[in-house]
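>>> sequence below, structure please.
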Amino acid sequence: MIIRDILTLREREVLTSPPTKIVADAISMMMQAGVGSLLILQDGVMVGLLTERDVLRGIHDYGAKGLAQPVSSMMVTEPIIGNPEDSVDYVRGVMTEHRITHLPVMDGQQKLLGVISYHDVAKACLNAVDFENSLLKRYIKHWPEA
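Residues are numbered from 1 along each chain as shown. Predicted coordinates for the structure are as follows:
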């Protein structure tokens, strides 16, 4: 399975925000949508990514005043980017190695296709294992006699 397949199965749209949005408002957006990341766009171009972990780090650094900061003060300005043709196994390794939970997926240099979460990757892996398991069970059940 490749990342493009995961993007076509997703039902959620990507949440976006300008870099000037206040962190408290960004948190509200993410909570209402039930997502853990927010793409930061300026003039239609991705300039950063804000995740739950980034917010926690920002609150640690700024204290309660962090809620009134713009998201630009907490966002990752150069997130690791995935390619739609990357395999799920490859992306799982990248996300694990770099300890990231969300990965923007770009087609070429400018076209944003979406954001996948580690949960999306784990779900895809489980689905693949379940499918393989059912094929193996069917094969064993119909084992040819010698």
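>>> flag every buried residue along stretch 86-103.
Residues 86, 88, 91, 92, 94, 95, 100, 102, 103 are the ones in stretch 86-103 that count as buried (16 or more other CB atoms under 10 Å). Every residue, glycine included, has its C-beta placed from N, CA and C.
>>> can you put these in TSV and add distance to residue 75?
Formatted as TSV, the buried residues of stretch 86-103 follow (distance: CB to CB, whole Å):
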residue	distance to residue 75
86	23
88	26
91	21
92	24
94	20
95	18
100	13
102	12
103	15
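>>> among the residues you listed, name the ones in strands.
Among the buried residues of stretch 86-103, DSSP state E puts 102, 103 in strands.
>>> who touches the helix ranked longest in the chain?
When the chain is parsed with DSSP state H, its longest helix is helix 118-141. Contacts with helix 118-141, where a contact means CB atoms under 8 Å, 6 or more residues apart in numbering, come from 1, 5-6, 9-10, 88-89, 91-92, 95, 100-102.
>>> now with 6 Å?
1, 6, 88, 91, 92, 95, 101 (CB atoms under 6 Å, 6 or more residues apart in numbering).
>>> for the chain, which spans come out with low pLDDT?
10-12, 130, 145-146 (pLDDT under 70).
>>> so residue 37 touches residue 51, yeah?
Yes - using CB atoms under 6 Å, residue 37 is in contact with residue 51, at 4.6 Å.
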